[in-house]
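from the sequence below, what's the structure:
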Amino acid sequence: MFKREKRVFLQLTDDEYRLVRKCLMDWRNKLTKQGKCADPVNELLAKLMA
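The predicted structure follows:
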């Protein structure tokens, strides 16, 4: 899914950051409920919160 990683440096407002984080967490929860692997989403969340 995420074979090529591009480094992108974004300047997000607090509201944008919260929205992106919420969307990723919702996506992760949906995948988990479906019994699918959410590791790529977890990696994105970890990078976002770093």
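
so which elements touch the helix or strand containing residue 30?
Residue 30 belongs to helix 14-33 when assigned by DSSP states H and E. Contact partners of helix 14-33 among helices and strands, from 3 or more CB pairs under 8 Å, 6 or more residues apart in numbering; DSSP states H and E: helix 39-49. C-beta coordinates here come from the backbone N, C-alpha and C atoms, glycine included.

how about the CA coordinates for the helix it packs on, as CSV?
Provided in CSV are the C-alpha atoms of helix 39-49 (Å, rounded to 0.1, in the frame of the first residue of the first chain):
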residue,chain,number,x,y,z
ASP,A,39,0.1,-1.6,10.5
PRO,A,40,0.6,0.9,7.7
VAL,A,41,-1.9,3.3,9.3
ASN,A,42,-0.3,2.8,12.7
GLU,A,43,3.0,3.8,11.1
LEU,A,44,1.5,7.0,9.6
LEU,A,45,0.0,7.8,13.0
ALA,A,46,3.4,7.3,14.7
LYS,A,47,5.1,9.6,12.2
LEU,A,48,2.3,12.2,12.5
MET,A,49,2.6,12.3,16.3
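
ok now the helix holding residue 30, how far from the chain's centre?
6 Å (CA atoms, centre = their mean, to the nearest Å).

also stretch 27-47?
8 Å.

start and end of it, how far apart?
16 Å (CA to CA, to the nearest Å).

what comes up buried for that stretch?
28, 31, 38, 41, 44-45 (16 or more other CB atoms under 10 Å).

could you give the average pLDDT over that stretch?
Averaging pLDDT along stretch 27-47 gives 94.

can you check stretch 12-21 too?
88.

going by neighbour count, list what's buried in that stretch.
Buried, per 16+ other CB under 10 Å, within stretch 12-21: nothing.

hmm, back to that, hmm, who's touching the helix holding residue 30?
12, 37-38, 41-42, 44-45, 48-49 (CB atoms under 8 Å, 6 or more residues apart in numbering).

mind putting these in TSV, distance to residue 19 included?
Output for the contacts of helix 14-33, formatted as TSV (distance: CB to CB, whole Å):
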residue	distance to residue 19
12	9
37	24
38	19
41	15
42	18
44	14
45	14
48	11
49	14
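
greatest separation within the residues you listed: which pair is it?
Greatest spatial distance in the contacts of helix 14-33: 12 and 37, 26.6 Å, computed using CB to CB.
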